[in-house]
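Participant: Sharing a sequence plus its predicted fold:
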Amino acid sequence: METGEQLRSAGFEHVHVENERYDGPQAGIADIGGVPHYFLRLNRHFEDGDEFTAWPVDEATLALEKEQWRIYVATWDAADDITYPNAGVLPPRFHELETLLEPRRVPPGDERTLFAQWRFDDRDEDRRHDDDGPMYLMRWREL
């Protein structure tokens, strides 16, 4: 497994938040060219990656997304088995943030379509995520 430093030197960037996952990242926030962007998988598969739509995230929205992410991680780590999002387990603040963030997660109409690859880094293999984001990085390029 490559180290985070090796992946970053190959052009992979930080993923702040994963909002949805199914056979790889579906939606979340990742740096693209060093700038946080929402990403949404278009489910067009390529040999080594997928097609996504992406648009920039403002600082206030990023702060709210990170707050919700930290709540999710703390809840996940405190439980033996939860399903995301499990309304019976996640605290009310998580759901308040979901209501605030849901309209911001919709592509605005001027988003870009990009190709992305993701690779897990060398952080603790027994964990899928930590407070800083999921345990993978993403590399982006224009189609």
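Facilitator: Okay, I see it. Residues are numbered from 1 along each chain as shown.
Participant: Quick check: residue 142 touching residue 116?
Facilitator: No. Judged on CB atoms under 8 Å, residue 142 makes no contact with residue 116 at a distance of 10.9 Å. Heads up, the C-betas are built off the backbone N, CA and C, glycines and all.
Participant: So for these two, which sits in the more crowded spot?
Facilitator: Between residue 142 and residue 116, counted using other CB atoms under 10 Å, the more crowded position is residue 116 (22 against 7).
Participant: Surely that one is within a strand?
Facilitator: Yes. Under DSSP: H, G, I helix; E, B strand; the rest coil, residue 116 sits within a strand.
Participant: So which bits of the helix or strand containing residue 68 are buried?
Facilitator: Assigned by DSSP states H and E, residue 68 belongs to helix 59-78. Along helix 59-78, these residues count as buried under the neighbour rule (16 or more other CB atoms under 10 Å): 61, 62, 64, 65, 66, 68, 69, 71, 72, 73, 75, 76.
Participant: What would that helix look like as PDB? C-alpha coordinates only.
Facilitator: What follows is helix 59-78, C-alpha atoms only, in PDB (Å, rounded to 0.1, in the frame of the first residue of the first chain):
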ATOM      1  CA  GLU A  59     -15.800  27.800   3.500                       C
ATOM      2  CA  ALA A  60     -19.000  28.000   5.600                       C
ATOM      3  CA  THR A  61     -20.500  25.000   3.800                       C
ATOM      4  CA  LEU A  62     -17.200  23.100   4.200                       C
ATOM      5  CA  ALA A  63     -17.200  23.800   8.000                       C
ATOM      6  CA  LEU A  64     -20.800  22.500   8.300                       C
ATOM      7  CA  GLU A  65     -20.000  19.400   6.300                       C
ATOM      8  CA  LYS A  66     -16.900  18.700   8.400                       C
ATOM      9  CA  GLU A  67     -19.000  19.200  11.600                       C
ATOM     10  CA  GLN A  68     -21.500  16.600  10.300                       C
ATOM     11  CA  TRP A  69     -18.700  14.300   9.300                       C
ATOM     12  CA  ARG A  70     -17.100  14.400  12.800                       C
ATOM     13  CA  ILE A  71     -20.500  13.600  14.300                       C
ATOM     14  CA  TYR A  72     -20.900  10.600  11.900                       C
ATOM     15  CA  VAL A  73     -17.400   9.300  12.700                       C
ATOM     16  CA  ALA A  74     -17.900   9.700  16.500                       C
ATOM     17  CA  THR A  75     -21.200   7.800  16.200                       C
ATOM     18  CA  TRP A  76     -19.700   5.100  14.000                       C
ATOM     19  CA  ASP A  77     -16.700   4.600  16.300                       C
ATOM     20  CA  ALA A  78     -19.000   4.400  19.400                       C
END
